[in-house]
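Chemist: Provided below for reference: sequence and predicted model.
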Amino acid sequence: MTGTGRSGSARSGNARSGGALSTAAGRRCAALVLGVLLVFALVPVYWMVSSAFKTNAEIAALAPTLYPHHPTLEQFRAVLAGGALLRSLGYSAVIAGLTTIVVVVLGSCAAFAVSHLTFRGSKGFLIGILFTQLLPQSAVLVPVYLLWNSLGLTGTGAGLGLVYLALYLPVAVWMLTGFFRGIPLDLTEAGRIDGASNVRILWSIVLPIARPALAATAIYTALTCWSEFLLALVLLTSNTTTVTVQLAGLIGRHDTNLGQLMAAATIATVPPVVAFFALQRYFVAGLTIGTVKG
Amino acid sequence: MTAGGADTGPSRGGPRTLGFVIVPALVVAAVALYPLLYNIWISLHVNNLSQADGEFAGLLNYRNVFAFDDFWSVLRTTLIWTLGSIAVQFVIGFVAALALDTGIRGAGVIRALLLTPWVMPGVVIGAVWLAIYHPISGLLTEVLGWFGADGVDLLGRSSTALPAVIFANVWKGFPFWMLMISAGLRAIPSELHEAAAMDGASYRQRIRAVVLPGLSTVLALTGTLAFIWTFNYFDLIYTLTSGGPNGATSTVPFLIWQTSFQFNRLDEGAAQSVLTFALMAVAIGSYLRVSKATAR
């Protein structure tokens, strides 16, 4: 925190140049601040990964070691034994993948309609979408559980996927609408004059341009599904669960095996973090476009 | 809903438009309306895995919530958790965004790295901080030991548990603020900065006179979203403390889950949900007022 205070009182404030603090002194200050923040952001991640490679004895030692002195895969082996964690990884991947596909397809259609086909009620539709964003998820829990129970959908991946679809589709429509609005109406009008149907215009004019937006929306939806915990905890049974529920199951009140927990946590982190770094350029732009303009 | 608009637009719209929005529209209606109405219904009836399930209960469940569930103290904890998390997330996110905005080399890579905590699943973050706070082998426990505080069980003491959970949540949530504020900063015209610099404004004055006003829309929106998300964030509480010790970290979503699925009082859980809905409506209402006021 001392680093942040210093940046505020930096003498570089008298700079004449355009952007805030874009002087040499300002950049030095910024480098210091960002260095501190990088340590803050990454040390816990490092701690998780390094602990996963330590032996039980090393983890239980009174003085924690900075790095694994006897690197071992024993924690990974132990936590993967029995196959429950692997199964839950597959389960999460399938649910997140299928939900994402449906969300992106339906979301594109709706965003296209809102941005390029004026229809009565489109404004109300968008406001309704924002409204769902503002509803507390925990408050959905009881009614969904009771309804799903009576429909026989509890304990099934399809049941969970349906809830995810309902919860994350509005976000996708919101994000995609922000992008689609940037596509000139002239382009879609030109397609219409050529006699193309709406489906065709969406497919061969809008979607190719919007590929970055689709990527951003897809990755956001997939990450959210992968990370979701509360609904999976409530709606699934213990023998078929998602990776987050499986991971939480490793936490005992007094007898948590930290090494195994860190190994499982590392495994559960790899897919979303890799996907994020692969697509982060789209992701950052896609997430903020609708919000800053809207 | 849509067909009527067909004649007004130039060859757009028409009944076919309906096909594009019907599913999302139904989903939106279902997500927004159904739980609200069904929740109210459940909360007015008995539903606790007993013989009496389905009988009309009037306001009994609500009375129980206030009489037995410590609802007020849970609500107080939730507000501390929410506002505490948001305030610190904002400060760190703001400083990070300003630092990234200086044109420093490698800003893109640094930003991506700083986003890592936000991309990680909440349960993973709970597990990580459980290890960091561990009273025997935790990293932070060791660091505190250097300053003479040996074997502190931060999560196990009522006085420190809530700040410790908030700190973990700050770690997870500050990148979102950074991201939104970064986008907001880019939308501020550079002429404003130049004009302020020409007038001899100091950095601090420019922050106050140019940057913060320029960010007001983004800050109002981010603040509202963060408020609702944080208020309802369950994963960290569940994994780090399970609401303990002695309910010191029990927040509203945790209480709803506990009441409904640990104590099987689905009716009282529904009553708590309805009360939460009402609170959120107030939050949304005040956002709309703030955003209208700033737009003017």
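Modeler: Arrived safely, thanks for sending.

Chemist: so what does the helix or strand where residue B:20 lies touch, helix or strand wise?
Modeler: Assigned by DSSP states H and E, residue B:20 falls within helix B:15-43. Packing partners of helix B:15-43 (3 or more CB pairs under 8 Å, 6 or more residues apart in numbering or on different chains; DSSP states H and E): helix A:84-116, helix A:122-133, helix A:141-151, helix A:157-180, helix A:198-201, helix B:266-295. Quick note: C-beta positions are derived from backbone N, CA and C, even for glycine.

Chemist: for the nearest residue to residue A:84 once chain neighbours are set aside, give its distance to residue A:277.
Modeler: Once flanking residues are discounted, residue A:84 sits nearest to residue A:246: 6.3 Å by CB to CB, 6 or more residues apart in numbering or on different chains. Residue A:246 sits 24 Å away from residue A:277, going by CB to CB, to the nearest Å.

Chemist: which of these two has more neighbours?
Modeler: Between residue A:246 and residue A:277, counted using other CB atoms under 10 Å in any protein chain shown, the more crowded position is residue A:246 (23 against 16).

Chemist: could you check how far the host helix or strand of the more buried one is from the centre of its chain?
Modeler: Per DSSP H and E, residue A:246 falls inside helix A:243-248. Helix A:243-248 sits 16 Å away from the centroid of its parent chain (CA atoms, centre = their mean, to the nearest Å).

Chemist: following the chain past it, name the next helix or strand.
Modeler: Next element after helix A:243-248 (DSSP H and E): helix A:258-293.

Chemist: wait, residue B:126 sits on residue B:242?
Modeler: No. Under the criterion of CB atoms under 8 Å, residue B:126 makes no contact with residue B:242, lying 10.4 Å away.

Chemist: the two: who's more crowded?
Modeler: residue B:126 (27 against 16).

Chemist: who's in contact with the nearest residue to the more buried one once chain neighbours are set aside?
Modeler: Spatial nearest neighbour of residue B:126, excluding adjacent residues (CB to CB, 6+ apart): residue B:239 at 2.7 Å. Shown in contact with residue B:239 (CB atoms under 8 Å, 6 or more residues apart in numbering or on different chains): A:248, A:251, B:122-123, B:126-127, B:130.

Chemist: out of those, which are buried?
Modeler: Buried by 16 or more other CB atoms under 10 Å in any protein chain shown: A:248, A:251, B:122-123, B:126-127, B:130, out of the contacts of residue B:239.

Chemist: inside strands: which ones of those residues?
Modeler: Per DSSP state E, strands hold no members of these.

Chemist: and the least confident of those residues?
Modeler: In terms of pLDDT, the lowest of the buried ones among the contacts of residue B:239 is residue A:251, showing 89.

Chemist: spit out the contact partners of it.
Modeler: The neighbours of residue A:251, taking CB under 8 Å, 6+ apart as the test, are A:261, B:126-127, B:130, B:239.

Chemist: could these go into CSV alongside distance to residue A:142?
Modeler: Shown next, in CSV, are those (distance: CB to CB, whole Å):
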residue, distance to residue A:142
A:261, 30
B:126, 23
B:127, 27
B:130, 28
B:239, 22
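
Chemist: wait, which of the residues you listed is closest to residue B:159?
Modeler: Taking CB to CB as the measure, residue B:159 sits nearest to residue B:130 out of these, at 18.8 Å.

Chemist: name the nearest residue to that closest one, sequence neighbours excluded.
Modeler: Nearest to residue B:130 is residue B:240, by CB to CB, 6+ apart, at 6.1 Å.

Chemist: neighbours around the closest residue to residue A:116 other than its chain neighbours, how many?
Modeler: Leaving aside its chain neighbours, residue A:116 sits nearest to residue A:188 (4.9 Å; criterion: CB to CB, 6+ apart). Look at residue A:188: counted by other CB under 10 Å, it has 22 neighbours.

Chemist: for residue A:188, what are phi and psi?
Modeler: phi -70, psi -30 (degrees, to the nearest 10).

Chemist: and what of residue A:241?
Modeler: phi -130, psi 170.

Chemist: wait, doesn't it sit right on residue A:88?
Modeler: Yes. Counting by CB under 8 Å, residue A:241 does reach residue A:88; the two are 5.4 Å apart.

Chemist: give me the low-pLDDT residue ranges for the stretch 151-296 of chain B?
Modeler: B:291, B:294-296 (pLDDT under 70).
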